[in-house]
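>>> What follows is a protein structure lacking sequence information:
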């Protein structure tokens with residue numbers, strides 16, 4: 001995912017759970033990032049006058065949790081049919097602009113696309129905040145940070161490079177990243193901060209989680225690109241390494257980045273026609289706003305407890321009616 005605050009992705013089913021479960025399973029089995037399915041538009045998308053909605057779903061489980069709950073409410077409370085299309089983050093903006101999907105429920109900040117589609121073309125409209133603030137960082141396992149407290153300052157990372165070395169890192173310390181399709185600053189940070197590390201891509205969020213869990217099981221040291229909110233912190237406690245302070249514009253030039261990642265309030269976006277003509281579905285998606293804790297709760301059910309997205313959504317909806325009831329259109 002393009003989890004950065006300054007730059008920065010279908011088959012018809014009457015229920016989304018099957019689609020999302022398949023996507024999650026494929027990611028776990030193949031270790032690959034999300035396929036670019038931009039051209040596989042849903043026949044539901046932008047279908048004026050019919051009670052259908054198409055949602056873009058990203059490959060990470062927090063985004064799947066958003067879509068699962070929104071889908072459940074659209075189907076069971078408002079009577080819509082919902083389809084999902086998995087698209088890489090930047091192509092998702094193209095699909096949204098063209099009406100091939102109706103909404104993106106979790107975006108981590110894409111200023112170029114915002115300028116092009118919201119300000120210039122006016123084909124996409126903001127859907128409001130998700131209620132969750134995202135942050136990317138570098139993390140080490142808390143058990144290692146307790147043994148070596150100074151590792152949490154980036155200036156001491158070279159001291160521990162040998163301990164973070166793996167067969168994949170070519171004699172340097174390993175900085176574990178996720179999918180190559182995620183836009184990160186890590187290669188520039190390693191070079192510009194003169195760190196004796198090699199960025200190693202695991203291939204996907206699922207593969208990265210598997211690697212982190214294996215390191216933790218063996219109590220091995222590791223350094224990883226990771227992000228909040230994410231349910232894995234509840235299973236593998238991790239401590240952030242302090243990078244040079246983030247200041248507005250410090251990451252404007254991708255090749256010269258030498259600062260931390262920002263904290264990014266995550267946003268929703270709707271196709272402009274859908275925002276005006278999408279009726280109760282558009283209203284619900286605009287009103288959809290929950291907490292980091294709620295997202296993690298549903299994500300944990302999907303990823304760790306192995307519930308289907310629909311089962312996880314049903315459980316959360318059943319226990320949180322005062323929250324979601326406010327999202328529904330007023331009759």
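Yep, that arrived. Note that the structure is a prediction, hence the values are computed from the model and not measured. Numbers count the residues shown, from 1 in each chain.
>>> Give me the distance between the two termini of stretch 161-175.
This stretch, stretch 161-175, spans 10 Å end to end (CA to CA, to the nearest Å).
>>> Could you do stretch 322-331 as well?
Counting by CA to CA, you get 17 Å between the two ends of stretch 322-331.
>>> Stretch 155-171 too?
From its first residue to its last, stretch 155-171 covers 20 Å (CA to CA).
>>> cool, and stretch 297-311?
End-to-end span of stretch 297-311 (CA to CA): 13 Å.
>>> ok, and for that stretch, which residues are buried?
297-303, 307-311 (16 or more other CB atoms under 10 Å). To be clear about C-beta, it is placed using only N, CA and C from the backbone, and glycine gets the same treatment.
>>> Just those: which are in helices?
If you go by DSSP state H, the buried residues of stretch 297-311 have 297-303, 309-311 in helices.
>>> coming back round to it: can you tell me which of the buried residues of stretch 297-311 lies nearest to residue 163?
residue 303 (28.5 Å; CB to CB).
>>> So residue 188, which state does it fall into?
Secondary structure, DSSP: H, G, I helix; E, B strand; the rest coil: residue 188 is helix.
>>> which residues touch the residue nearest to it when sequence neighbours are not counted?
Spatially, and ignoring its direct neighbours in sequence, residue 188 is nearest to residue 257 (4.4 Å; CB to CB, 6 or more residues apart in numbering). Going by CB atoms under 8 Å, 6 or more residues apart in numbering, residue 257 touches 185, 188-189, 192, 250-251.
>>> Try it again at 7 Å.
Residues near residue 257 by CB atoms under 7 Å, 6 or more residues apart in numbering: 185, 188-189, 192, 251.
>>> Between the ones in helices among the buried residues of stretch 297-311, which sits nearest residue 101?
Nearest to residue 101 out of these is residue 309 (CB to CB; 17.3 Å).
>>> Out of the contacts of residue 257, which end up buried?
Among the contacts of residue 257, those buried by neighbour count (16+ other CB under 10 Å) are 185, 188-189, 251.
>>> May I see these organised as a markdown table, with distance to residue 289 and pLDDT added?
A markdown table is the format used below for the buried ones among the contacts of residue 257 (distance: CB to CB, whole Å; pLDDT from 0 to 100):
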| residue | distance to residue 289 | pLDDT |
| --- | --- | --- |
| 185 | 29 | 94 |
| 188 | 34 | 97 |
| 189 | 32 | 98 |
| 251 | 27 | 91 |
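>>> Between which two of those residues is the distance greatest?
Largest separation among the buried ones among the contacts of residue 257 by CB to CB: 189 and 251, giving 9.6 Å.
>>> Distance of the nearest residue to residue 296 once chain neighbours are set aside relative to residue 153?
Closest residue in space to residue 296, ignoring its immediate chain neighbours: residue 231 at 4.8 Å, by CB to CB, 6+ apart. In this view, residue 231 and residue 153 are 27 Å apart by CB to CB, to the nearest Å.
>>> tell me the helices in the stretch 51-200 of the chain, going along the chain?
Remark: helices assigned in the stretch 51-200 of the chain by DSSP state H, counting those that start in this stretch are 61-76, 89-97, 111-113, 142-147, 186-192.
>>> Next, the buried residues of the shortest one.
What it means is helix 111-113. Result for helix 111-113 [16+ other CB under 10 Å]: buried residues residue 113.
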